[in-house]
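K.L.:
After the sequence you'll find the predicted model.
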Amino acid sequence: MIARTPWGELVFAIGDVSGKGVSGAILMANLQALVRGEGKRREPAEKIVGRINTRLCEMEKPDRFVTFGFVRIDPLTGNLGYCNAGHTSFVLVRSGGEIEELSIGGLPLGIMTEATYAGAKTTMRSGDLLMLYTDGITERWSNQEMFGEARLYELVSKHQRKSAQALKEIILAAVKGFSSTPLDDDTSLLLIKML
């Protein structure tokens, strides 16, 4: 999900519901509604994620939880605040190719009402790239080998100077080409490039 706050920051959110089926889809729809409402508050990322977690825990949901990531970026200054609730690490690729994993946060959403969350801040500079993805990207199997984070990071670092659209196509082609089986897990990829 992508949104803009009234004061001009961009909000990015990504999530992956445990399990499949109708109940998982309903939980994700509820999460999207909560993010639309809570995500535009002028508060630190960890406060927003904590409130979303509390609301999800109050809902009827049979043994479901959500790994979730919340990022807010000021496009004018490059200031980035985030909270990672049990999701795969966000990947910040610096313009020189260095990779930083952004994983500070807490438990997946919907597990424990009293869960506390930490947030962190960094700054994106011109040429930097932020990647958010679900584990359907890295957990694709071919025979006894998994696509994995190392292969993904190598691809991103090698093609980091390309546009976000071109890099997305390169990554998805590599993931699909890694195995002849159809994609069987949620596969989401969000790339944000600072110009």
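P.N.:
Yep, that arrived. Numbers count the residues shown, from 1 in each chain.
K.L.:
from here on, contacts and neighbour counts on C-alpha atoms
P.N.:
Noted.
K.L.:
number of nearby residues for Lys158?
P.N.:
Lys158 is flanked by 12 other residues according to other Cα atoms under 10 Å.
K.L.:
which residues sit in contact with it?
P.N.:
By Cα atoms under 8 Å, 6 or more residues apart in numbering, the contact set of Lys158 is Gly97.
K.L.:
Just the residues contacting the longest helix along the chain, thanks.
P.N.:
The helix spanning the most residues in the chain, taking DSSP state H as the definition, is helix 22-38. Residues from elsewhere that reach helix 22-38 (Cα under 8 Å, 6+ apart): 1, 3, 13, 15, 17-18, 48, 51-52, 56, 61-62, 64.
K.L.:
Please apply the same query to stretch 63-70.
P.N.:
11-19, 24, 45, 49, 82-87, 107-111.
K.L.:
Could you list the low-pLDDT ranges of the chain?
P.N.:
For the chain, the stretches with pLDDT under 70 are 60-62, 184-185.
K.L.:
Buried subset of the contacts of stretch 63-70, written for ChimeraX?
P.N.:
ChimeraX command restricting the contacts of stretch 63-70 to the buried ones, with burial defined by 16 or more other Cα atoms under 10 Å:
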select :11,12,13,14,15,16,17,24,45,49,82,83,84,85,86,87,107,108,109,110,111
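K.L.:
Which ones among the contacts of stretch 63-70 lie within strands?
P.N.:
11-17, 82-85 (DSSP state E).
K.L.:
how about the protein, which residue sits the furthest from its center?
P.N.:
Asn143 (27.4 Å; Cα atoms, centre = their mean).
K.L.:
next one: phi and psi at it?
P.N.:
phi 60, psi -120 (degrees, to the nearest 10).
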